[in-house]
Structure formats: C-alpha cells, structure tokens
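Visitor: Sharing a model that was predicted from the sequence below.
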Amino acid sequence: MKRLKPTNDFIFQRLFGEAETKESLISLLNAILRLEGQARLGDLNVIENKQLLKERIDDKTGRLDIRAHTLDGVQIDIEMQLTDHRNMTKRTLFYFSKLYLESIKAGAAYDTLKKTITINILDFEMLPIERFHSTFHLYEDHEENYMLTDDVELHFIELPKFKKTERNMSDSLHRWLLFMDAKIPESLLKELMVMDPAIKKAEERLEWLSGDAGIQELYEMRENSLIERNSLIADGIARGKEEGRAEGKAEGKAEGKVEGKAEGKSRSGTRNAPRRYGQGKCGSANKVDHGRSRTACRSAVT
C-alpha cells in the first residue's frame, strides 16, 4: 500500500485538523511552539473545516489550513504550503490580520483582541537565513529585548533547510518533521513510532487514510491541482523572463540608434567646421615664426 504524503495539504488536514486527531495536533504544536512543563498545551478546540468539498480540493487556488483555539483563547492557524508564490510574507500578514480582527466582536473593547499565532510549514526556502524554523514578534528597533505585545507570533518552517540539518531524535520537532518526509526510510519511521506515541497514532491514521479509496481519489485530485498550479507559476515566470529579454533587446536597439545618430552628427560637424588662421597642422609654428613658417603653412594648406 502506498503511503500518502503527509505534506499534501488535504492529507495534512485529515491528520491534524479534525476533532478526533486533536492529540496529534497538540503534540505538533507543543513541538513547534517549544512549550515545556506547565506551559505545554493539554487541550484545545479544533475548528473543523467543513468546506472540504471535492470542488474546493480541486481548486488550484484553494487554501486548506488548520485552525484551533487554546483554552485561554489564543488563536492558532497552521498552513502547509508546497508552492512558492513569492508572496508568503504578505500572504501571512493578510491572513494573520483577518484572524486577529475576527477575534473581537463589534462594539467590544480593544483589549478583548486575542493573541494570534500563524504557522507556515513550507516545502521551499523563503528566508535568507540558515535556520529552518524562524519566529517573529514585535520588538522595538533600538531596545532589542522590549516586545510591544506578544499578540503577534509568526512561524516559518522551511522543510528543505530542515533536510540539511543534522538529525536530533531527542527534539520533538525534528521527529515530527521526519514523520512528514514522504521518503522516510521504514526503519526510521518505526524508530519514531517507538519513541513517540503521538507519531505512532498519526502514522496509524495515515495508514488508514492511505487504504481508503475515496481518500486516495481526493488525494490524487489535490496532487494534480498542485502540479497544475506549479506549472502555471513556472510558465508565468518563463514568460516574464522572455518578455524582459525582448524589452531589453528593443531598448538596446533604440538606444544604439540614438547614440549612433548623435555620434554621426558630431563627426559631421567636425569635418565641416571652418579652419581658422593659426590652427591646424601649422598653428604652433605661426606663433614662433612670422616669415618662413607662415609661408610654409600656406603652402601646406594649398
């Protein structure tokens, strides 16, 4: 039986975005948010996505994210993003702003706004830094340790960078990201399942999903839609480069014509300029000798 890719956003949501998979989501969030001891999440409310319809899964622009609320009201949004649209920063701020705004009711005080955490798991490299897991808050520019508010928390996990990182099996986030690797060796997967009961439970659910014909059909639809989306993006980039090269050639030719005309006029003006007495081949001699040299110069001109 083929093991379906955990990074397929439809499968990812079926693994972590349903009420019955809450334990797996809690374990993953504790790993990503680095929560230890009493700070660890013990429970949360999963906001199930009721729009997992065939039409939405086949939508090349569809967004299948996972949303949850902690018991103290913190909003969390997780998105598995496989395609680099080159707009991830703006996209993240856009969806963060929407969630943050939705946390306040009309007429309510501003202090009722809820802390919002967005987590982006990316199958491409985005940031020009080496670490695979980056977290952003609002800090004062000159006082590095002063945070304006902890209401804003943005996470980016770049899977290609993680694959270059030395494996640390004692790190729970490393274990979860290894689980998400579609090409994980069977021996390593079994080791993870022994070490981490939450991963064992997630793998058992993945096996069940992989054996369901209906799930397989929706999985393939989503894979095909992602392939088409990547093709459209690649085609757009290629067309943009071609247009840029064509425009560059056209501009180069135009500039060349203008410069050529200007240079031609300059040379023409030099050839047609009247020669003055004392200039030209004998100019300096004229100043020294007012007799023989002047005669020689006239002879030379003649």
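Guide: Done, it's in.

Visitor: in this protein, which spans are helices?
Guide: Using DSSP state H, the helices of the chain run over residues 9-16, 22-32, 54-57, 88-102, 159-163, 172-179, 186-195, 197-210, 213-272, 283-288, 292-301.

Visitor: low pLDDT regions in the chain?
Guide: Counting by pLDDT under 70, the low-confidence segments of the chain come to 50-62, 229-238, 240, 248, 250, 252-253, 256-257, 260-261, 263-302.

Visitor: what about the longest strand in it?
Guide: The longest strand of the chain (DSSP state E) is strand 147-158.

Visitor: by how many degrees do that one and helix 22-32 diverge?
Guide: 110 degrees (axes from the mean of the first three to the mean of the last three C-alpha atoms, to 10 degrees).

Visitor: Strand 147-158 pairs with which strands, and in what direction?
Guide: Under the criterion DSSP bridges, strand 147-158 sits next to strand 116-122 (parallel), strand 133-139 (antiparallel) in its sheet.

Visitor: Name the residues of the last one that come out as buried.
Guide: Okay, so that is strand 133-139. Within strand 133-139, the residues that qualify as buried are H133, counting by 16 or more other C-beta atoms under 10 Å. Glycine gets a C-beta too; all of them are placed from N, C-alpha and C.

Visitor: Just the residues contacting that strand, thanks.
Guide: Defining contact as C-beta atoms under 8 Å, 6 or more residues apart in numbering, one finds that strand 133-139 is touched by 32, 127, 145-150, 152-158, 162, 173.

Visitor: Now, of the residues you listed, which are buried?
Guide: 32, 152-158, 162, 173.

Visitor: And the furthest pair within those residues?
Guide: With distances taken as C-beta to C-beta, the most widely separated pair in the buried ones among the contacts of strand 133-139 is V152 and F162, at 24.1 Å.

Visitor: re earlier: any chance of JSON lines for the strands paired with strand 147-158, columns distance to L218?
Guide: Below are those laid out as JSON lines (distance: least, C-beta to C-beta, whole Å):
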{"stretch": "strand 116-122", "distance to L218": "20"}
{"stretch": "strand 133-139", "distance to L218": "30"}
